[in-house]
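A.B. asks: After the sequence you'll find the predicted model.
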Amino acid sequence: MSSNRISDENLPAEQESAHAEVERADDPFANPGMPAHRPRIQDIDERAAKRSERAVAAMFTLSMLATIGFIASFVAFPVDKIVYIWPFGHVSALNFSLGLTLGVALFAIGAGAIHWARTLMSDVEIIQERHPIEATPEVAAQAKKDFLLGSAESGFGRRKLIRNTMFGALAMVPLSGVVLLRDLGPLPEDKLRTTFWKKGLMLINQNTNEPLRPEDVTVGSLTFAQPEGLDDHNPDFNNEIAKAALMIVRIQPSEIKDKRELEWSHEGIVAYSKICTHVGCPISLYEQQTHHVLCPCHQSTFDLSDGARVIFGPAGHALPQLRIGVNDEGYLEALGDFDEPVGPSFWERG
Amino acid sequence: MSTASDEKTRQAPAGERVADWADGRLGIYGAAKGMVRKVFPDHWSFMLGEIALWSFVVIILTGVYLTLFFHPSMNEVVYDGSYVPMQGVRMTEAYASTLDISFDVRGGLLIRQIHHWAALIFVAAMFVHMMRVFFTGAFRKPREINWVFGFLLFVLALFTGLTGYSLPDDLLSGTGVRFAQGAILSTPIVGTYISMFLFGGEFPGHDIVARFYSIHILLLPGIMLGLVVAHLILVFYHKHTQFAGPGKTNNNVVGAPFLPIYMAKAGGFFFLVFGVIAIISAIATINPVWAIGPYRPDLVSTGAQPDWYLGFSEGLIRVMPGWEINVWGHTFVLGVFIPLMIFPLVLVALAVYPFIESWVTGDKREHHILDRPRNVPTRTGFGVAWLTLYFILLIGGGNDIWATHFHLSINTITWFIRIAFFVGPVVAFVITKRICLGLQRRDAEKVLHGRESGVIKRLPHGEFVEVHQPLDQGALHTLTAHEQYKPAELGPTVDENGVERKTSPVEKVRVKLSKGYYGEGNQIPKPTAEEYKEITSGHGHH
């Protein structure tokens, strides 16, 4: 067989060709050929066959009934009806009945068809020969000849100028498609470096929507804040809050280990970016005793009493701190934007 | 009416006349030759691919339905539908229409749940199907290309799942998209550009749902549909593989014909798969997007998990140490970028395996008889090592869940995964290989001494022995039908004239690998006919 050329002398001998017919009788491991067909009960007992027929028909009938049940459920149950069904609890009556009836209608067709195939259709195994996939040498030679002839007639190999300019044209034309993608979005520029925060913006408590006073921030609590003037009707609210979200805690100034952190705080109130420096999840878990915060997505842990440096997990650098103070009316305010990009790291971050 | 046409109507029934008409235009009789009664072998493991195929069909059917109601828009609306807890909440149209599908469209929730369950089952079925093909060596010539098609389907399904999962714009899926965006940002040089272009500006922007929508419902499934068709054409063209057994050879295929048996069995199986998914969707809620609310970049829920098939990439990103290098004003975000690169490598290792093995064996023949995994211990070892890596990372992806459910320290789990990432696959490889070799020995034992009958006989001198029954020839053949390669060897270092021969380093690697696969101690020589005869002709042997 042309496809079964053996390229390596270390290949095992082929089972079929290695044993000549004479040898075969002698070989205890030779392929004995197909075993005789063993009839099923349906093949010899017409009553059993009838039983199978009825079983298949019953399954198809069950399917029809289930479809009727589906339509009836669709009409009968209001979309918001909730019922208690053991052991699933409180479920939507419509979803439950539609799914169950549809499932039974489909399953019964499948079960019927397979039971039919297994019990009533012939189960005599058939042997078919395989043929090598690759072409015979003659066919292969003819195909190659045809290709060379066609290629020669085109002058493809001979007229190099045509060939090369064609390659050039074909290589260049997709560039138009690439250029068209340019307007998918703006260039990064310094968009990732700036946030909504600027000097004088008050810190708004996200729970109450009121400006925060220092006395609102108690030891042991975690407060989320956003900049004054950013409201959720702003079409760019999500883009801005993705960078400006703030986490505020109060730590005894004596417990703050980082010098700059203390300097940028107000009476021990520190404001850090809420956006994790790993891949940007909002950090939301605070351990008040240790002043650790944990990102629930990938478990990066930061120590808010020590410059929010990473103490565990996959984040690569500390959370950026926002420098805060108190304005004339006694509200907490930002003393500027973050001095480094918030959120995940990127190439140009530096 | 002419007599001729009268005669014709009398001769042929309507169906046949339609077929004749079609044959004159499409040549269907020629195409049907060899197809209608095409033989497929039977084995339970051949059904795994069918589950994948049929769940894909279910996904397409339900997906088309969902497009009729879903609005892929990030315009903000105030929800006023019938789900009370969300009334008055600002959300995108995408999320609002998902709530409508779940609460206001009759049957909408069912179809949404069928779509999502079918997607999970689709990927799981492909995964298990791929393992079946891998461990039985069904990827060998002539099926390498079909292996690659299958691999591409698997990878595309991962991305179709990711994009589909993100469409409802709920808090959980938005967090997943944020993760993807953060990972993209870590790419050196072009990261920020890709992110800006993908999201139409800063994260999250107003475009990502509409863009994912077109990718999810058109681009990726379009390619997948083409690949599925090609995959099936090749299955037909190559004829299905079969396990060794009486009457089965490398040159034939033994089984039942397509019409009627497989038409009924495979066709019926579609209804079984669809039916089971529908019942699951009736009783088990999946992705209750209404429970956690619309996405906001500053909010998150705990225990955030991707769908299971992306869990291993989640594991990679969670256990990686946060390495970050700043040089010349630029940042190498290795803590994110390395996992981002290992992710495709883990998958590609699977894709290229058939080509590596065929290079090691140097075997250019067609293989239609499947291997039993035990008879190829090294391959089986590699497969189990890969699976071990995959599942270790899957555990890593849920390290918070493990920590809270089993009251373990998350730090301990993370360190365990970091070490197991390197050690686990090696240990799994060694253990698997030993098990395979043990099973090979048992097979050899069974061939030579027969199967244990459970009957204890007392010999005249008092010794107790168990009676062994010899195997019939069919069983003997099945247990000895596998081929055993001899390890490749380097040729002599000098040629016949005594001149030094050069062996390329590549060839040296090949020989080393070949020894690892087929060398001494890496496979148990199967019993020979001589051994068998010697033992069975012997007398007094039990």
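C.D. replies: Received, thanks.
A.B. asks: For the rest of this, base every contact and every neighbour count on C-alpha atoms.
C.D. replies: Fine.
A.B. asks: So which other helices or strands are in contact with the top helix by length along chain B?
C.D. replies: For chain B, the helix that runs over the most residues, judged by DSSP state H, is helix B:410-449. Contact here means 3 or more Cα pairs under 8 Å, 6 or more residues apart in numbering or on different chains; DSSP states H and E; on that basis helix B:410-449 packs against helix B:311-319, helix B:377-397, helix B:399-406, helix B:473-480, helix B:529-537.
A.B. asks: Quick check: which of those is buried the most?
C.D. replies: Mean neighbours per residue, mean count of other Cα atoms under 10 Å in any protein chain shown, is largest over the helices and strands packed on helix B:410-449 for helix B:311-319, with a mean of 26.
A.B. asks: packing partners for that one?
C.D. replies: When contacts are defined as 3+ Cα pairs under 8 Å, 6+ apart, helix B:311-319 packs onto helix B:334-361, helix B:377-397, helix B:410-449.
A.B. asks: what about 6 Å?
C.D. replies: Of the remaining helices and strands, those touching helix B:311-319 by 3 or more Cα pairs under 6 Å, 6 or more residues apart in numbering or on different chains; DSSP states H and E are helix B:377-397.
A.B. asks: For the helix it packs on, give the mean pLDDT please.
C.D. replies: The pLDDT scores in helix B:377-397 average 94.
A.B. asks: do the same with stretch A:49-61
C.D. replies: Mean per-residue pLDDT for stretch A:49-61: 97.
A.B. asks: try stretch B:81-90
C.D. replies: Mean per-residue pLDDT for stretch B:81-90: 93.
A.B. asks: cool, stretch B:437-448 as well?
C.D. replies: Mean per-residue pLDDT for stretch B:437-448: 94.
A.B. asks: circling back: with respect to residue B:261, which of the helices and strands packed on helix B:410-449 lies nearest?
C.D. replies: Smallest distance to residue B:261 across the helices and strands packed on helix B:410-449 (Cα to Cα): 25.2 Å, for helix B:473-480.
A.B. asks: The closest one and chain A, are they touching?
C.D. replies: Yes - judged by Cα under 6 Å from any Cα of the partner chain, helix B:473-480 and chain A are in contact via B:476, B:477.
A.B. asks: Give me the contact list for that helix.
C.D. replies: Residues from elsewhere that reach helix B:473-480 (Cα atoms under 6 Å, 6 or more residues apart in numbering or on different chains): A:29, A:30, A:31, B:244, B:245, B:246, B:447.
A.B. asks: Is it possible to get JSON lines of the residues you listed that adds neighbour count, distance to residue B:457 and secondary structure?
C.D. replies: Output for those, formatted as JSON lines (neighbours: other Cα atoms under 10 Å in any protein chain shown; distance: Cα to Cα, whole Å; DSSP: H, G, I helix; E, B strand; the rest coil):
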{"residue": "A:29", "neighbour count": "23", "distance to residue B:457": "28", "secondary structure": "coil"}
{"residue": "A:30", "neighbour count": "22", "distance to residue B:457": "31", "secondary structure": "coil"}
{"residue": "A:31", "neighbour count": "25", "distance to residue B:457": "33", "secondary structure": "coil"}
{"residue": "B:244", "neighbour count": "23", "distance to residue B:457": "34", "secondary structure": "coil"}
{"residue": "B:245", "neighbour count": "22", "distance to residue B:457": "32", "secondary structure": "strand"}
{"residue": "B:246", "neighbour count": "20", "distance to residue B:457": "32", "secondary structure": "coil"}
{"residue": "B:447", "neighbour count": "25", "distance to residue B:457": "21", "secondary structure": "helix"}
